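Asker: My questions are about this predicted structure, shown below with the sequence.
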Amino acid sequence: MAKTKNLVIVYTGLGQGKTSAALGLTLRALREGRQVTMIQFIKSQHQSGEMKLQKILPKLKIKCFGQGFV
């Protein structure tokens, strides 16, 4: 059996594109049968539109630890 490697990618910085980049990589990983957990440090579960993706992508896990935008 092949050894599975874990990978952590962190997108940071000002401006746009972080979520889009993360979602693009997430979709490719899910397509290949990988397990994916997306962690958002600023967005809250109530404000994050990405949380709705879990309904159509059941293998995707999203964790939001923020209080929302302040």
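Answerer: That came through, no problem.
Asker: CA only for contacts and neighbour counts going forward, please
Answerer: Will do.
Asker: which residue packs closest to the residue nearest the centre of the chain, ignoring adjacent ones?
Answerer: Among the residues of the chain, the smallest C-alpha distance to the mean C-alpha position (C-alpha atoms, centre = their mean) belongs to Met38, namely 2.6 Å. Distances taken as C-alpha to C-alpha, 6 or more residues apart in numbering put Ile62 closest to Met38, at 4.7 Å, once the chain neighbours are dropped.
Asker: tell me the secondary structure for the residue nearest to the centre of the chain?
Answerer: Met38 carries the three-state label strand when classified by DSSP: H, G, I helix; E, B strand; the rest coil.
Asker: Go ahead and confirm it touches Lys61.
Answerer: Yes - Met38 is in contact with Lys61 according to C-alpha atoms under 8 Å; the separation is 6.2 Å.
Asker: tell me which residues in the helix or strand containing Arg28 are buried?
Answerer: When elements are assigned from DSSP states H and E, Arg28 belongs to helix 18-31. Buried residues in helix 18-31, defined by neighbour count with 16 or more other C-alpha atoms under 10 Å: Thr26.
Asker: what's that helix packed up against?
Answerer: strand 36-40 (3 or more C-alpha pairs under 8 Å, 6 or more residues apart in numbering; DSSP states H and E).
Asker: The residue lying closest to Lys61 once chain neighbours are set aside: neighbour count?
Answerer: Nearest in space to Lys61, with sequence neighbours left out and distances taken as C-alpha to C-alpha, 6+ apart, is Thr37 at 4.6 Å. The burial count assigned to Thr37 is 13, neighbours taken as other C-alpha atoms under 10 Å.
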